[in-house]
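Undergrad: how would this look folded up:
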Amino acid sequence: MADWRWEADPDDLLEALSAQARSVAERLAEEIAVRESMVFLDGASFTGRSPGLRTESRGGLLMTYLTDVRGERIVVLQVACFD
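TA: Coordinates of the predicted model:
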């Protein structure tokens, strides 16, 4: 993985989750960032269309995020936990 990272917007987005759900959300965001670094190899020099708003689930957790290809980051916008 190049310099890809993930961040939550707002910064305190994950604070309302239980410790277990937060751990799952952080692992999922990290996995998505790794995957996107392998899909968008051009990173900062990417000139194509952005993939847009997407969702991913893991167990009872649903995450909505954007891939900022040129910024080489995943922006987590919403997390819902149904456990």
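
Undergrad: I'd like to know how many residues surround residue 73.
TA: Residue 73 is flanked by 20 other residues according to other Cβ atoms under 10 Å. All C-beta atoms are positioned from the backbone trio N, CA, C, and that covers glycine.

Undergrad: could I get the contacting residues of it?
TA: 4, 5, 6, 7, 33 (Cβ atoms under 8 Å, 6 or more residues apart in numbering).

Undergrad: and these, which two are furthest apart?
TA: 4 and 7 (11.0 Å; Cβ to Cβ).

Undergrad: sort out which of the contacts of residue 73 are buried, if you could.
TA: Buried by 16 or more other Cβ atoms under 10 Å: 4, 6, 33, out of the contacts of residue 73.

Undergrad: turn these into JSON lines, including pLDDT, secondary structure and distance to residue 49.
TA: Listed next are the buried ones among the contacts of residue 73 as JSON lines, based on pLDDT from 0 to 100; DSSP: H, G, I helix; E, B strand; the rest coil; distance: Cβ to Cβ, whole Å:
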{"residue": "4", "pLDDT": "95", "secondary structure": "coil", "distance to residue 49": "19"}
{"residue": "6", "pLDDT": "98", "secondary structure": "strand", "distance to residue 49": "21"}
{"residue": "33", "pLDDT": "97", "secondary structure": "helix", "distance to residue 49": "19"}
